[in-house]
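Engineer: need coordinates for the below:
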Amino acid sequence: MPKKLNPDVSHSDKLIRLFAILFFRPGSRSLTQLASELGCSKQGVQRLIEKVESGYGVRIEREMRSNRLFYVFAPPRKYPPAAMLSSSELNTLQMCQAFTEHLMGREQFADAMLAIEKSTHLLPENESLPEGKFGILRFGTIDYSPFQKQLRDLMDAMERKLVCEVDYKRILDKAPKRFRIKPLKVFSHRESIYVHSRYAKMPGEPFSPADYDPMLALHRIQEVRITDTKFKFPKDYDFERTMNRQFGVIHGRRFKVVAEFTGWAAGFVTERRWSPDQSIKPLRGGETRVTFTATSEPEVLNWILAFGDEAKLVGPAELVEKLRQRLELVSAKYGSVNPE
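Structural biologist: Numbering: from 1, shown residues only. Sure thing, here's the model as predicted:
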C-alpha cells in the first residue's frame with residue numbers, strides 16, 4: 001500500500017480530489033498514479049471511482065495498457081441545457097454555506113463547497129463569484145466533525161423509515177442510556193443540532209407512549225444502530241406546530257411569561273420573535289414589556305438572567321419566586337465584597 005500523503009485527509013476530500021483530477025485534467029490516469037496522488041490503496045481508488053460514477057451520474061472509461069489499468073473521464077455526447085444562475089443566487093448559496101459551516105462538520109462542508117464550485121459554471125459569461133464575503137464568529141460553537149457518522153446514520157434511517165437504537169449520554173449522566181427511537185426531523189437551535197423523534201418499543205420490554213417526543217442533542221449521541229424494524233411516519237406529526245408555537249425547546253406545561261426590559265435589552269427583545277402570540281408594549285419611563293407563551297421554566301430563567309440588571313421577570317408569580325431563590329444562591333457564591 002502506498003504511503004499516505006496526509007493521514008488527516010478525509011474520505012470526502014479524496015473524493016473531491018479524484019473528481020477534480022479526472023474532470024479537469026485532460027488525458028488518462030493509471031490506477032497506480034491515482035493511488036499515489038490520493039494517498040490511498042488501489043482498492044480505495046476503485047471504491048472512489050465507483051462512488052463518483054454512481055453519485056454524480058458520470059461515466060469513467062477503463063483501459064488496459066500493458067497490464068496496467070487506466071481511467072479517463074468520458075464526457076456525455078450531449079450535455080443537457082444548463083439553467084443560468086445569477087451571481088445573487090450564488091451569493092445566497094455562499095451565505096447559507098458560510099453561516100452553517102460550523103454545524104455541518106468536515107464532510108458535509110466539503111459537499112457544500114463542491115456544490116457551490118460546480119454551480120459557478122452556471123454563471124453568465126464574464127461573471128465570477130467573489131470569495132470571502134461571509135463569515136461567522138465561532139466561539140461557543142460545537143465541533144460536529146466527530147459526529148458525522150451518527151448524523152449520516154440518522155438521516156439514512158429517516159429516509160428508509162427504520163427504527164434506530166441509540167446510546168445517549170446526558171451532561172450529568174455517568175453512563176449512556178440505550179433506547180430506541182423513530183427519527184423524524186433534524187433541526188438546529190442556538191448553534192446546536194437536535195434530532196426530533198418518537199420512542200419505539202425496546203425488545204422484550206413493555207411500551208407506553210411518552211408525554212413528549214424526545215429531542216436528542218446530536219453531540220450527546222455516542223452511537224446509532226439502524227435496526228430492521230420499519231415504522232410509519234406519523235400522520236399527526238407537525239414540527240412547526242409542535243416546536244415553533246412557544247418559547248422553549250423543553251416541553252412542559254404552557255404558561256404565560258411577562259417580563260420588562262430597559263436599555264440595550266429592550267432593543268434586543270423588541271427586534272426578535274419569542275412566540276407567535278407575543279406582545280411587546282412600551283411603558284412610561286422607557287421600559288418595554290414583553291408577554292409570550294413558554295413551556296420551559298429553566299430556559300425562561302436562564303434567558304432572563306442573561307440580561308442582567310436590564311431585565312425583570314414580572315410573572316408568573318411562582319417563577320418569579322424561583323428566580324429570586326436562584327439569585328440568592330448566585331449572590332451567596334460571591335459573599336460580601338469588601339472594598340480595598
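Engineer: so residue 158, which of the three states?
Structural biologist: Assigned state for residue 158: helix (three-state reduction, DSSP: H, G, I helix; E, B strand; the rest coil).
Engineer: local confidence estimate at it?
Structural biologist: pLDDT recorded at residue 158 is 93.
Engineer: residues near it, how many?
Structural biologist: Neighbours of residue 158 under the rule other C-beta atoms under 10 Å: 18. Backbone N, C-alpha and C define where each C-beta goes, glycine included.
Engineer: now the nearest residue to it once chain neighbours are set aside: which helix or strand?
Structural biologist: Closest residue in space to residue 158, ignoring its immediate chain neighbours: residue 183 at 4.9 Å, by C-beta to C-beta, 6 or more residues apart in numbering. Residue 183 belongs to strand 177-189 when assigned by DSSP states H and E.
Engineer: who are the packing partners of that strand?
Structural biologist: Applying 3 or more C-beta pairs under 8 Å, 6 or more residues apart in numbering; DSSP states H and E, we find strand 177-189 packed against helix 148-160, strand 162-168, strand 192-200, helix 239-243.
Engineer: at 7 Å instead, please
Structural biologist: Using 3 or more C-beta pairs under 7 Å, 6 or more residues apart in numbering; DSSP states H and E, the elements in contact with strand 177-189 are helix 148-160, strand 162-168, strand 192-200.
Engineer: what does the shortest one rub up against?
Structural biologist: It refers to strand 162-168. 154, 157, 176-183, 200, 216, 220-227, 229-231 (C-beta atoms under 7 Å, 6 or more residues apart in numbering).
Engineer: just the buried members of those residues?
Structural biologist: Among the contacts of strand 162-168, those scoring as buried are 154, 157, 179-183, 200, 216, 220-221, 224, 231 (criterion: 16 or more other C-beta atoms under 10 Å).
Engineer: can you tell me which of those is nearest residue 50?
Structural biologist: Distance to residue 50 across these (C-beta to C-beta) is lowest for residue 157, with 23.6 Å.
Engineer: and the closest one, how far is that from residue 227?
Structural biologist: 9 Å (C-beta to C-beta, to the nearest Å).
Engineer: repeat for residue 262
Structural biologist: Counting by C-beta to C-beta, the gap from residue 262 to residue 227 is 54 Å.
Engineer: swap in residue 96?
Structural biologist: 34 Å.
Engineer: again with residue 198
Structural biologist: Taking C-beta to C-beta, one finds residue 198 at 15 Å from residue 227.
Engineer: residue 53 - how many residues pack around it?
Structural biologist: 12.
Engineer: show me the shaky parts of the stretch 51-200 of the chain.
Structural biologist: The stretch 51-200 of the chain contains residues with pLDDT under 70 at 55-57, 75-91, 93-94, 97-99, 101-132, 134, 138.
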